[in-house]
Each structure stands twice: as C-alpha cells, then as structure tokens.
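Peer 1: heads up, no residue letters with this:
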C-alpha cells in the first residue's frame with residue numbers, strides 16, 4: 001500500500017476515534033451529569049489511540065518525503 005493510502009486510512013481512523021470520544025462526552029453533557037468512571041476511561045483511551053495514530057501519520061509523512069526524492073534520483077540515472 002502506498003504512503004498516501006496509509007496516511008488517509010490512519011487519518012480516517014483517528015477522526016473516527018475522536019468523533020466517538022466526543023459523542024461520549026456530549027452524551028454526558030446532555031444527561032447533565034459527569035461521565036462515569038467507565039466512560040471517562042473510554043474517552044481517555046480513545047484519545048490516547050488517536051494521539052498514537054497522529055504520530056504514525058506524521059512518521060509516514062516524513063517517510064514519504066524521503067522516498068519521493070529517491071525515486072526522482074533513480075529516474076535521473078536511467
């Protein structure tokens with residue numbers, strides 16, 4: 001799979017995790033009560049996973065920038 005596809009998949013997954021965390025928080029706000037311990041733990045875990053995905057995306061973007069010049073250099077040699 002190419003870098004662009006992986007980056008897009010990771011970004012969509014990250015957005016979905018953050019959206020789910022937001023829905024849990026919104027649900028608590030609509031009830032007018034603080035989140036339960038379980039809900040709070042779930043939100044924290046979702047945000048941690050989203051943060052890890054963000055770091056993966058940044059790493060993939062850096063890798064992508066390194067690969068592109070290499071491909072141009074190889075084309076110049078032929």
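Peer 2: Yep, it's here. Model, not experiment: these values are computed from the prediction.

Peer 1: elements contacting the host helix or strand of residue 48?
Peer 2: According to DSSP states H and E, residue 48 maps onto helix 37-77. Packing partners of helix 37-77 (3 or more Cβ pairs under 8 Å, 6 or more residues apart in numbering; DSSP states H and E): helix 3-31. Using the backbone N, CA and C atoms, a C-beta is placed for each residue, glycine as well.

Peer 1: List the buried residues of the helix it packs on.
Peer 2: Buried residues in helix 3-31, counted by 16 or more other Cβ atoms under 10 Å: 7, 10, 14, 17, 18, 21, 24, 28.

Peer 1: follow-up on the earlier one: model confidence over the helix holding residue 48, on average?
Peer 2: Helix 37-77 carries an average pLDDT of 85.

Peer 1: so how far is that helix from its chain's centroid?
Peer 2: 7 Å (Cα atoms, centre = their mean, to the nearest Å).

Peer 1: can you give me the angle that helix makes with helix 3-31?
Peer 2: Relative orientation of helix 37-77 and helix 3-31, computed by axes from the mean of the first three to the mean of the last three Cα atoms, to 10 degrees: 160 degrees.

Peer 1: I'd say residue 54 and residue 15 touch.
Peer 2: No: assessed by Cβ atoms under 8 Å, residue 54 is found out of contact with residue 15, at 10.4 Å.

Peer 1: Not counting its neighbours along the chain, what's nearest residue 56?
Peer 2: residue 10 (5.5 Å; Cβ to Cβ, 6 or more residues apart in numbering).

Peer 1: what residues are up against that neighbour?
Peer 2: 53, 56, 57, 60 (Cβ atoms under 8 Å, 6 or more residues apart in numbering).

Peer 1: quick one: contacts for the third one?
Peer 2: The neighbourhood of residue 57, defined by Cβ under 8 Å, 6+ apart, consists of 7, 10, 11, 14.

Peer 1: let's go with 10 Å and repeat that
Peer 2: 6, 7, 8, 9, 10, 11, 13, 14 (Cβ atoms under 10 Å, 6 or more residues apart in numbering).

Peer 1: Model confidence at the spatially closest residue to it that is not a sequence neighbour, what's the number?
Peer 2: Excluding its sequence neighbours, the residue lying closest to residue 57 (Cβ to Cβ, 6+ apart) is residue 10, at 4.9 Å. In the predicted model, residue 10 carries a pLDDT score of 96.
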